[in-house]
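Engineer: Dropping a prediction and its sequence here:
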Amino acid sequence: MSDPTDVSRLSADELKTLFLFESLDDEQLGWLSEHGYVEYRAAGEPVFTEGEDATCFFVLLSGTLSSSRRVEQTELDTGRTNQRGVYSGATLSFLRTEETPKHHNSVTAVTDSESARLSSTRCGPT
């Protein structure tokens, strides 16, 4: 995981190259740039684990990630991607709920990877 004392951020111009953010205006891109940061994961390291609180939203910048679900006692691979801009994590945090949502799957770095990370409390409902 990235060292939080060594924070790297994406510029608004860099964020605009990601399909998820391409239609945002400069103010919105600036906000994302200020509140998010780049996080590094080594191959084999979990990005998040099924059942944990879904507190962060991730957008893949480089590398390959694998998604899986636990079914009974077996971890089933549900997908793998190296597509820049694919997102995962706290997507449910944008819904109004009383409880902190939990991850419904696990995501692991297959190769060394970088993702833009944004805390769900920064952009969830108020």
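Structural biologist: Good, I have the coordinates.

Engineer: Distance of the closest residue to Phe19 other than its chain neighbours relative to Gln73?
Structural biologist: Among residues not flanking Phe19 along the chain, Gly85 sits closest, at 4.7 Å (C-beta to C-beta, 6 or more residues apart in numbering). Yep, even glycine has a C-beta here, placed from its N, CA and C like the rest. Look at Gly85 and Gln73: by C-beta to C-beta, to the nearest Å, they are 34 Å apart.

Engineer: Mind checking which of the two has more residues around it?
Structural biologist: Gly85 (15 against 5; other C-beta atoms under 10 Å).

Engineer: who are the neighbours in contact with that one?
Structural biologist: Counting by C-beta atoms under 8 Å, 6 or more residues apart in numbering, Gly85 touches Leu18, Phe19, Leu20, Val59, Leu60.

Engineer: thinking again about what came up before, is the residue nearest to Phe19 in a helix, a strand, or coil?
Structural biologist: The three-state assignment at Gly85 reads coil, by DSSP: H, G, I helix; E, B strand; the rest coil.

Engineer: start the count at 2, not 1, going forward
Structural biologist: From this message on, residue numbering opens at 2, which makes the last subject Gly86.

Engineer: all strands of this structure, in order?
Structural biologist: 38-42, 47-49, 57-63, 66-72, 75-82, 88-90, 107-110, 114-120 (DSSP state E).

Engineer: These: which one's closest to Gly31?
Structural biologist: strand 114-120 (13.6 Å; C-beta to C-beta).
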